[in-house]
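Asks: Predicted model follows, preceded by the sequence.
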Amino acid sequence: MPKKNASRTGLPKPGERLDLLTARRNARMARSAHAYVRGNTAKFYEWLDGMESHTLPEGPAVWICGDCHAGNIGPMANAQGRVEIQIRDLDQTVIGNPAHDLIRLGLSLATAARGSDLPGVTTVRMMEALADGYERAFDDTSDHTDIQAEKPEAVRVVMKEALRRSWQHLAEERIEDIEPHIPLGKRFWPLSKSERREIDALFEKRTVARLATELRSEDEAAKVAVLDAAYWVKGCSSLGRLRYAVLLDVDGAALDGDDLCLIDIKEAAQAAAPRYAGVRMPRDNAQRVVEGARHLAPFLGDRMRAARLAERSVVIRELLPQDMKLTIEQLTRDEAMKAARFLALVVGKAHARQMDDIERKAWLGELRRSRSKTIDAPPWLWKSIVELVSGHEAGYLEHCRRYSLDAGA
């Protein structure tokens with residue numbers, strides 16, 4: 001099937017992308033307060049840094065997600081086909097304070113609850129469930145079976161779907177076609193000639209090509225060919241950065257779905273999340289993202305590579321059919337508690353596996369210290385959520401005002 005010509009379809013040229021992506025991001029963030037929270041990582045840390053009514057504890061120096069909202073957690077597959085719920089986006093990962101991940105997750109769930117018209121008391125109970133699930137990850141005497149057995153319905157549905165998915169499902173979802181090309185349109189835009197040359201040259205490197213052959217061929221020298229590539233219009237965080245979808249053929253069998261490989265190339269920028277002073281991390285942003293992923297989400301980290309493309313630092317990862325986004329939009333009271341407890345356990349495990357026994361016990365003691373009679377959660381967590389929800393509500397309304405003016409211009 002021939003590729004569409006950008007000049008005939010009216011799709012944007014590379015130099016026209018930024019304005020269109022800005023408008024699209026603003027529209028997406030105006031949909032709901034929850035969407036505004038997801039797309040505003042930098043603002044989150046500005047608000048957090050400006051709070052004076054409480055002091056956050058300094059947890060052990062571990063790799064944190066840095067942008068730990070509910071949408072950045074979901075099913076991930078490893079090379080052996082095993083599937084688990086793990087953190088799925090590590091752009092903001094740094095060695096920092098684990099309390100930041102807990103607060104970011106709590107804010108995400110609190111805004112989802114407000115968007116679901118749940119009463120404020122439900123948010124209180126959610127934060128208690130959040131604290132309970134997170135703390136259990138650090139308690140060697142804790143049993144996680146009840147949390148696993150009472151997964152929220154959204155998790156049950158997405159895991160069931162992930163386990164049954166094949167390459168055809170991935171192709172139909174991501175590229176809307178199972179033919180060996182990427183159709184240009186709303187989700188994919190044309191590349192410049194120089195962009196295509198850079199991508200072709202990237203996969204001629206054996207270290208990069210090996211990422212595609214590891215799951216498909218025992219022959220390390222198996223031939224990898226770029227069948228197609230396009231600019232990927234995806235997410236809010238990629239604004240102004242390189243983002244490409246690349247379709248590869250492994251070992252010259254393009255019509256066999258098992259030999260097709262869909263690659264996501266994403267530019268790695270400086271993290272907005274604050275790092276601890278004095279810790280050693282890779283200076284290169286892509287290497288930082290890959291290293292953080294290996295610690296926090298090993299299923300994903302083992303399928304990622306850091307590279308250079310067009311003199312920029314990029315993260316390359318293969319997309320598997322089982323990699324899915326967990327969508328939590330409308331919550332009932334019961335599901336809100338289950339979601340908070342389960343997702344907090346996932347994040348807690350990602351943190352806990354990086355700590356030794358002494359660090360885990362000390363952090364657990366800090367988490368359980370100074371509980372009040374009115375809420376069974378750390379006081380600094382609750383105060384943070386209250387102030388951040390208030391600040392984000394105001395910011396969201398102001399964003400909507402500005403967006404309506406820009407959209408009407």
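Replies: It's in. Numbers count the residues shown, from 1 in each chain.
Asks: what about the stretch 1-150 of the chain, any weak spots by pLDDT?
Replies: Scanning the stretch 1-150 of the chain with the threshold set as pLDDT under 70 gives 1-9, 52-54.
Asks: For it, which segments count as strands?
Replies: Per DSSP state E, counting those that start in this stretch, the stretch 1-150 of the chain has strands spanning 62-64, 73-77, 83-87, 94-96. These are given in chain order.
Asks: Against which helices or strands is the second one packed?
Replies: Think strand 73-77. In this structure, strand 73-77 makes packing contacts with strand 83-87, helix 153-164, helix 298-301, helix 333-352, judged by 3 or more CB pairs under 8 Å, 6 or more residues apart in numbering; DSSP states H and E. Heads up, the C-betas are built off the backbone N, CA and C, glycines and all.
Asks: Distance to residue 401 and mean neighbour count added to the strands of the stretch 1-150 of the chain, as TSV?
Replies: Supplementary listing: these in TSV, determined by distance: least, CB to CB, whole Å; neighbours: other CB atoms under 10 Å:
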stretch	distance to residue 401	mean neighbour count
strand 62-64	33	27
strand 73-77	31	24
strand 83-87	33	22
strand 94-96	33	23
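Asks: beta partners for residue 249?
Replies: residue 225, residue 260 (DSSP bridges).
Asks: same deal with residue 96?
Replies: The residues paired with residue 96 through beta bridges, assigned by DSSP bridges, are residue 62.
Asks: just to revisit the earlier point, buried deepest among the helices and strands packed on strand 73-77, which one?
Replies: With neighbours taken as mean count of other CB atoms under 10 Å, those reach their highest mean count in helix 333-352, at a mean of 23.
Asks: before we move on, the earlier item: mind telling me which of the helices and strands packed on strand 73-77 the model trusts least?
Replies: Comparing the helices and strands packed on strand 73-77 by mean pLDDT, the weakest confidence falls on helix 153-164, with a mean of 86.
Asks: could the helices and strands packed on strand 73-77 go into JSON lines alongside distance to residue 112?
Replies: Below are the helices and strands packed on strand 73-77 laid out as JSON lines (distance: least, CB to CB, whole Å):
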{"stretch": "strand 83-87", "distance to residue 112": "17"}
{"stretch": "helix 153-164", "distance to residue 112": "10"}
{"stretch": "helix 298-301", "distance to residue 112": "23"}
{"stretch": "helix 333-352", "distance to residue 112": "8"}
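Asks: Tell me which of these lies nearest to residue 108.
Replies: helix 333-352 (8.8 Å; CB to CB).
Asks: Nearest residue to the residue nearest the centre of the chain in space, please, no chain neighbours.
Replies: By CA atoms, centre = their mean, the chain has its centre lying nearest to residue 89, at 2.5 Å. In this structure, residue 89 finds its nearest non-sequential neighbour in residue 72, 4.1 Å apart by CB to CB, 6 or more residues apart in numbering.
Asks: so who does that neighbour touch?
Replies: Remark: with contacts taken as CB atoms under 8 Å, 6 or more residues apart in numbering, residue 72 is in contact with 65, 87, 88, 89.
Asks: before we move on, the earlier item: which stretch among the helices and strands packed on strand 73-77 comes nearest residue 380?
Replies: Set against residue 380 and scored by CB to CB, those come closest in helix 333-352, at 15.4 Å.
Asks: and this structure, what are its domains?
Replies: As given by automatic domain parsing, the domain ranges for the chain are 6-19+171-319, 31-163+327-408.
Asks: Show me the beta-bridge partners of residue 315.
Replies: Taking DSSP bridges as the rule, residue 315 bridges to residue 266, residue 306.
Asks: What count of nearby residues applies to residue 193?
Replies: For residue 193, the tally of surrounding residues (other CB atoms under 10 Å) stands at 7.
Asks: What pLDDT is listed against it?
Replies: On pLDDT, residue 193 comes in at 94.
Asks: Nearest to residue 264, out of the strands of the stretch 1-150 of the chain?
Replies: Evaluated over these, closeness to residue 264 peaks at strand 73-77, with 13.3 Å, by CB to CB.
Asks: what angle sits between the closest one and strand 83-87?
Replies: Here the directions of strand 73-77 and strand 83-87 differ by 140 degrees (axes from the mean of the first three to the mean of the last three CA atoms, to 10 degrees).
Asks: Restrict strand 73-77 to CA atoms and write it as PDB.
Replies: Only the C-alpha atoms of strand 73-77 are listed here, as PDB (Å, rounded to 0.1, in the frame of the first residue of the first chain):
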ATOM      1  CA  ILE A  73       0.900   2.900  35.900                       C
ATOM      2  CA  GLY A  74      -0.300  -0.100  34.000                       C
ATOM      3  CA  PRO A  75       0.400  -3.600  32.600                       C
ATOM      4  CA  MET A  76       4.000  -4.300  31.300                       C
ATOM      5  CA  ALA A  77       5.400  -7.400  29.800                       C
END
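Asks: And the contacts of that strand?
Replies: Contacting residues not belonging to strand 73-77 are listed as 83-88, 158-159, 162, 297, 299-300, 320-326, 343, 346-347 [CB under 8 Å, 6+ apart].
Asks: Relative to that strand, what are the paired strands and their orientations?
Replies: Looking at strand 73-77 with DSSP bridges, its partner strands are strand 83-87 (antiparallel).
Asks: Give me the contacts around the partner strand.
Replies: Under the criterion CB under 8 Å, 6+ apart, residues 65, 68, 72-77, 155, 159, 162-163, 296-300, 322, 326, 342, 346-347, 350 lie in contact with strand 83-87.
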